[in-house]
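Q: the sequence and its predicted three-dimensional model are supplied below.
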Amino acid sequence: MTVLVTRPGSEGELLCQQLADEGIQAIHHPLIRIVHNPDSVDLSPLINSSDIIIAVSHHAVTAAQNILSKTSFIWPTSVLYLGVGQKSAHILSKACKQKVHYPQVSDSEHLLKLTELKNVENKSILILRGNGGRELIRDSLLDRGAQVSYCETYHREYIPINDHNTYQTWIDKNISKVVITSLEQLEYLYSITPDEYLAWLSTRQLFVPSQRIADRAQQLGFSNVTNTQSATNQILLAALQP
């Protein structure tokens, strides 16, 4: 058994190393790269004028911190901080030195059920995120009477698979499990896979962090999908154990 890890950057590399430490073969093949966007916005006044700040990913927080590190900015104590998942909340808490609330299930739907977001009429809410993505949080909070703005602190760039031999290599390496940590990765991998390899790919066991991604994978024809309910490496590692 070999695991294909598509998670980008050092987190994907770390998961592969953790799998290797458990005697599980793994291949790291990221499908996107995270590019920080340091010159895109003057972030300090946006944060200081917000009542609530929501981080949709830990990448958004790390990139925001990179932007703010150029100044002596101190995160305000009067703001309510939230993260979509445990990982994003943990990274945001380290940055702002404040308590960060997050749902037990790491997705937008469960975030919106938090009591902290029940009464947000006339509240100013800043969402830290990358380029693109879902509009559910923004639209739902607007419906509740909040004033919502985005700050795109980073961009995702797709990494093409130019060599068709890549797929044959995966077959030869006996890839049986694939880790996909975002809907963008899933859609992209499916869209760029040549027709002759789609049947093989769709029979691999897919590990995804949310029900929304699991549902989409099944719509695309994946027959064996496991929802780990979290994208943290610790949870993924436990789910990937034989």
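A: Arrived safely, thanks for sending.

Q: I'd say T6 and G12 touch.
A: Yes: between T6 and G12 there is a contact under CB atoms under 8 Å: 7.2 Å. In short, each C-beta sits where N, CA and C put it, glycine included.

Q: outline the domain layout of this protein.
A: If you go by automatic domain parsing, the domain ranges for the chain are 2-31+159-239, 35-156.

Q: lowest average pLDDT across the ones you listed?
A: Sorting those by mean pLDDT places domain 35-156 lowest, at a mean of 92.

Q: what touches both of T6 and G12?
A: Listed as contacting both T6 and G12 by CB atoms under 8 Å, 6 or more residues apart in numbering are P30.

Q: which outside residues touch the longest strand along the chain?
A: In the chain, with assignment by DSSP state E, the single longest strand is strand 147-158. With CB under 8 Å, 6+ apart as the contact definition, strand 147-158 has outside contacts at 31-37, 40-41, 43, 46, 59-60, 62-64, 66-67, 122-132, 138, 141-142, 184, 188.

Q: distance of E109 relative to L136?
A: Distance, E109 to L136, using CB to CB, to the nearest Å: 7 Å.

Q: what does K123 give?
A: Remark: distance between K123 and L136 (CB to CB) = 18 Å.

Q: looking at those two, which is more packed in?
A: Set K123 next to L136 and count neighbours by other CB atoms under 10 Å: K123 wins out with 17 against 14.

Q: sorry, back to before: buried ones in the longest strand of the chain?
A: The neighbour-count check on strand 147-158 (16 or more other CB atoms under 10 Å) flags 147-148, 150-156 as buried.

Q: which among these gets closest to Q211?
A: Set against Q211, the nearest of the buried residues of strand 147-158 by CB to CB is R156 (21.9 Å).

Q: can you report how many residues neighbour the nearest residue to W75 once chain neighbours are set aside?
A: The shortest distance from W75 to any non-neighbouring residue, by CB to CB, 6 or more residues apart in numbering, is to C96 (3.6 Å). Applying other CB under 10 Å, we find 21 residues neighbouring C96.

Q: fine, thanks again, bye for now.
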